[in-house]
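>>> Generate coordinates for the sequence data below:
(one chain, ligands or ions: 2)
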Amino acid sequence: MEEKQLKILLQSASRFQPGKKKFLYGTAGFRGEASMLESTVFKAGIMAALRSLKTGLVVGLMITASHNPVSDNGVKIADPSGGMMTQDWEPFADALALAPDPDHLVELIVQFAKKENIPFGGTQSAEILLGRDTRPSGEALLEAAKKGIDAIIGSVAVDMGILTTPQLHWMVRRRNMEMKASEFDYFALLSTSYRSLVDLIPAKTLTGTSDVKLTVDAANGVGGEKIKELSKLLTRLEIEVRNSGKEGEGALNEKVGADYVQKEKFAPLGFGPHDAGTRLWIRYLNASYMMTFEKCASLDGDADRLVYFRVLPTDGRSVDLVDGDKILSLFALFIKEQLTILNKENENESSEFPVKLGIVQTAYANGASTEYLKQLGLDVVFTPTGVKYLHEKALENDIGIYFEANGHGTILFSEAFMPRLESKSAELSSVTPGSEQQKAVLRLLAVSTLINQAVGDALSGLLLVEAILQYLGWSIERWSELYRDLPSRQLKVSVTDRNAVVTTNAETTVVKPLGLQELINYEMAKYPKGRSFIRPSGTEDVIRVYAEASTQEGADRLAQAVAQHVDCFLGMIPPVKQ
Ligand SMILES: CC(=O)N[C@H]1[C@@H](OP(=O)(O)O)O[C@H](CO)[C@@H](O)[C@@H]1O
Ligand SMILES: [Mg+2]
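Ligands and ions are numbered 1, 2, ... in the order given. Okay, here's the model as predicted:
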């Protein structure tokens, strides 16, 4: 049997000669110029099949390059839990990608299968769900992935079609929980959970200043059509989609999308007259036009990131950005309030219900958000950049909320906590039906089914934001005022070897090169509320510099000074604005 397997592998592999460019499985899988990726995606197909064989469960394979330009593409693997592929397998992924020829590739696979005890070439079956975003290169790359899967005996590829990244992760997770997992089920669950939350809003709040109109920038990506489909099932939310990816609406991720809005702090194309000339802008300044851009949200190309913003009337281009930190803060506030209600004493006093609620951020979180969360009495911890680290940490709580400032994040309800919450709900519905405590539990249950438990998901995040704003009776302006962001600046410095920088303390302290951290400390001390750190990017060949201070000028100068030190130690070209 194993002989037959080796023959098939060798035959398929010889049809996918490695390209010149070498790819590594970084924070977000393999990513790069689409035309160079075919053999790497083929190998990712093999890896996904082996992962499924090893675990005996369904895994996922997604073809996407998220917020990268349309000429790029990428591939990542979803583990049976629906989360990112286990980090233990990343070195194997890299080794496969770097294999110089089919013989080496097969040898690596055989060795790895032996080491990991994978029932390779036997009778065990494997199942891999495939998804891709709307990139034109997606179809051909999906075929390459299928060839990789077909090269492993017993494995079956199931093409789920064009999906957002979080939809595919959701499907993998649900399949392994033996729950309904089609796209129809996804939309149905999100819309009914949203409906449950809205139905639990006290009638008097519904007359508040929250606005049920929302204009969404879908980055000309896969989220455009999906959110249109979802919005047909929603009540009390009117969504207008722009940059939906329709022919003629513009290019994927080009001056549109969550990454652009968060990094540039400008409105995306299609959200202001900045591309239409000043005369038009004067006409546009009438109130009704501005109303359209009062509450806006931006997704990234594969719809796993979400930021909110409103276009400022000052120039019609700048935005008041409500980023991942503020989405996190809104969620934390809401969850905490429900837990407080739940534990409030009343005449029908029920037993205490202790819940460990934890918050996870990265060093990129605005300092003002961390201060706000701590003031709420919440426990905030930091991890290195990359959602796989945040997700892992969040799982240590009963309810863990994590977000990157760029808008990728979610709320996790631990496996041990869910049965407790469900039995609390059953207890309250028989002891104190209709009580505030019971409603609080029902809200938490609705959040647990609305918000994606596998990965950050712009669509489910957006519905939760809208439900909470309506619950609080808040406008986007009120939400934005939760705290005032400290002015910040991000720069990147091109260096000959980014791996020369080694950091510790969740990437906030430089260990190597020696002496650089002392210089950063010296610069930081010059500015009130000055904070700065550097780290090698996991997705680009640069060192990223982050700085914040009490004024924008201070943040800019601090970032510039630190970038110059980096450049002196390691650089080759002057720093560029991000
Ligand atoms: C500052 C920043 O936004 N960094 C992003 C970016 O990682 P870098 O390692 O910084 O290149 O891409 C990652 C994957 O999408 C994302 O998790 C992360 O937050
Ligand atoms: Mg993305």
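>>> what residues does this structure put near ligand 1?
Counting by CB under 6 Å from any ligand atom, the chain comes close to ligand 1 at 27-28, 66, 364, 385-387, 404, 406, 537-540, 544. Backbone N, C-alpha and C define where each C-beta goes, glycine included.
>>> What subset of those residues is buried?
Among the residues of the chain next to ligand 1, those classed as buried by 16 or more other CB atoms under 10 Å are Thr27, Ala28, Ser66, Tyr364, Thr385, Gly386, Val387, Glu404, Asn406, Arg544.
>>> Name the nearest of the residues you listed relative to Leu328.
Using CB to CB, Glu404 is the member of those that lies nearest Leu328, at 9.2 Å.
>>> can you give me the helices in the stretch 51-200 of the chain?
For the stretch 51-200 of the chain, the helices defined by DSSP state H, counting those that start in this stretch occupy 90-98, 102-115, 138-150, 165-176, 183-199.
>>> on that earlier part again, so which of the residues of the chain next to ligand 1 comes closest to ligand 2?
Taking CB to the ion as the measure, ligand 2 lies nearest Ser66 of the residues of the chain next to ligand 1, at 3.2 Å.
>>> Would you agree that closest one is in contact with Gly74?
Yes: in terms of CB atoms under 8 Å, Ser66 counts as a neighbour of Gly74; the distance is 7.3 Å.
>>> Find the residues that touch each one of the two.
Residues within reach of Ser66 and of Gly74 at once, by CB atoms under 8 Å, 6 or more residues apart in numbering, are Ala28, Arg31.
>>> Give me whichever of the helices of the stretch 51-200 of the chain is most buried.
Per-stretch averages of neighbours, counted by mean count of other CB atoms under 10 Å, single out helix 165-176 among the helices of the stretch 51-200 of the chain, with a mean of 26.
>>> Against which helices or strands is it packed?
With contacts taken as 3 or more CB pairs under 8 Å, 6 or more residues apart in numbering; DSSP states H and E, helix 165-176 sits against strand 59-63, strand 72-78, strand 126-132, helix 183-199, helix 458-472.
>>> circling back to that earlier point, and ligand 2, which of the residues of the chain next to ligand 1 reach it?
Of the residues in those, proximity to ligand 2 by CB under 5 Å from the ion holds for Ser66.
>>> okay if I get the residues of the chain next to ligand 1 as JSON lines plus secondary structure and pLDDT?
As requested, the residues of the chain next to ligand 1 are arranged in JSON lines below (DSSP: H, G, I helix; E, B strand; the rest coil; pLDDT from 0 to 100):
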{"residue": "Thr27", "secondary structure": "coil", "pLDDT": "73"}
{"residue": "Ala28", "secondary structure": "coil", "pLDDT": "79"}
{"residue": "Ser66", "secondary structure": "coil", "pLDDT": "94"}
{"residue": "Tyr364", "secondary structure": "coil", "pLDDT": "97"}
{"residue": "Thr385", "secondary structure": "coil", "pLDDT": "94"}
{"residue": "Gly386", "secondary structure": "coil", "pLDDT": "91"}
{"residue": "Val387", "secondary structure": "helix", "pLDDT": "91"}
{"residue": "Glu404", "secondary structure": "coil", "pLDDT": "97"}
{"residue": "Asn406", "secondary structure": "coil", "pLDDT": "96"}
{"residue": "Ser537", "secondary structure": "coil", "pLDDT": "89"}
{"residue": "Gly538", "secondary structure": "coil", "pLDDT": "80"}
{"residue": "Thr539", "secondary structure": "coil", "pLDDT": "75"}
{"residue": "Glu540", "secondary structure": "coil", "pLDDT": "76"}
{"residue": "Arg544", "secondary structure": "strand", "pLDDT": "96"}
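>>> before we move on, back to that, can you say which of the helices and strands packed on helix 165-176 is nearest to Arg443?
When the helices and strands packed on helix 165-176 are compared (using CB to CB), the closest one is helix 183-199, at 6.2 Å.
>>> What angle do helix 165-176 and the closest one make with each other?
Counting by axes from the mean of the first three to the mean of the last three CA atoms, to 10 degrees, helix 183-199 points 100 degrees away from the direction of helix 165-176.
>>> Quick one: mean pLDDT over helix 183-199.
Averaging pLDDT along helix 183-199 yields 98.
>>> Determine the set of other helices and strands touching it.
The contact analysis (3+ CB pairs under 8 Å, 6+ apart) places helix 183-199 against helix 165-176, helix 223-231, helix 436-450, helix 458-472.
>>> Point out the most buried one among these.
Highest mean neighbour count of those: helix 165-176, a mean of 26 (counted as mean count of other CB under 10 Å).
>>> neighbouring contacts of that one?
For helix 165-176, using CB under 8 Å, 6+ apart, the contacting residues are 57-60, 62, 64, 66, 76, 78-83, 127, 129, 131, 133, 160, 163, 180-183, 185-186, 226, 302-304, 452-460.
>>> For Leu444, which residues are in contact?
Here Leu444 is in contact with Ile335, Gln338, Leu339, Leu342, Ile399, Phe413, Leu421 (criterion: CB under 8 Å, 6+ apart).
>>> what does Phe23 give?
Contacts for Phe23 (CB under 8 Å, 6+ apart) come out as Phe30, Arg31, Gly32, Met36, Leu37, Thr40, Ala97.
>>> any idea how far Leu459 is from the closest residue to Leu234 other than its chain neighbours?
Using CB to CB, 6 or more residues apart in numbering and skipping residues adjacent in sequence, the residue nearest Leu234 is Ser191, 5.7 Å away. According to CB to CB, to the nearest Å, Ser191 stands 10 Å off from Leu459.
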